[in-house]
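Asks: Build me a structure from this.
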Amino acid sequence: MKILISFFVLFFSSSVVADKLATWGMTGSNCNDFFRYAEEDQGDLYALIAIQSFLTGFNTALAVEQKFDSVRVINHDTYEYIIEYIKNSCVKSNMQDAIYVILWEYFETLPIAD
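Replies: Predicted coordinates:
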């Protein structure tokens, strides 16, 4: 009976029945949300993981598409440098840009991997 009730709750839960998203999480949010999340407990760690995941995913997508000449060295800069890059870009956009757009622009500045 508990299993049946659990399935019922999960099926009709608003967190399970979500909008269809093209982006999700910290890197899918805008500047205001990103820095609000980053200020929470262990937010630095979550931001680092989100940034690493985004950049790794971008490189992986390029490799899957056989675009090896576009794959970047994603550990070229420090976390602190990347956060400052994001902050500066957010200020320029009046905190309205999506983080994935900023990270895409950042990705383009990285050196090509050998």
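Asks: list the helices and strands the helix or strand harbouring Ile83 packs on?
Replies: Element membership of Ile83, judged by DSSP states H and E, is helix 79-92. Packing partners of helix 79-92 (3 or more CB pairs under 8 Å, 6 or more residues apart in numbering; DSSP states H and E): helix 31-38, helix 43-64, helix 99-109. From N, CA and C alone the C-beta is placed, and that goes for glycine too.
Asks: so Tyr37 sits right up against Gly28, yeah?
Replies: No: Tyr37 lies out of contact with Gly28 (CB atoms under 8 Å); the separation is 11.1 Å.
Asks: Give me the residues contacting the helix holding Ile83.
Replies: With contact meaning CB atoms under 8 Å, 6 or more residues apart in numbering, helix 79-92 is reached by 31, 34-35, 38, 44, 47-48, 51, 77, 97, 99, 102-103, 105-106.
Asks: Run the angle between it and helix 43-64 for me.
Replies: Orientation of helix 79-92 against helix 43-64 (axes from the mean of the first three to the mean of the last three CA atoms, to 10 degrees) gives an angle of 90 degrees.
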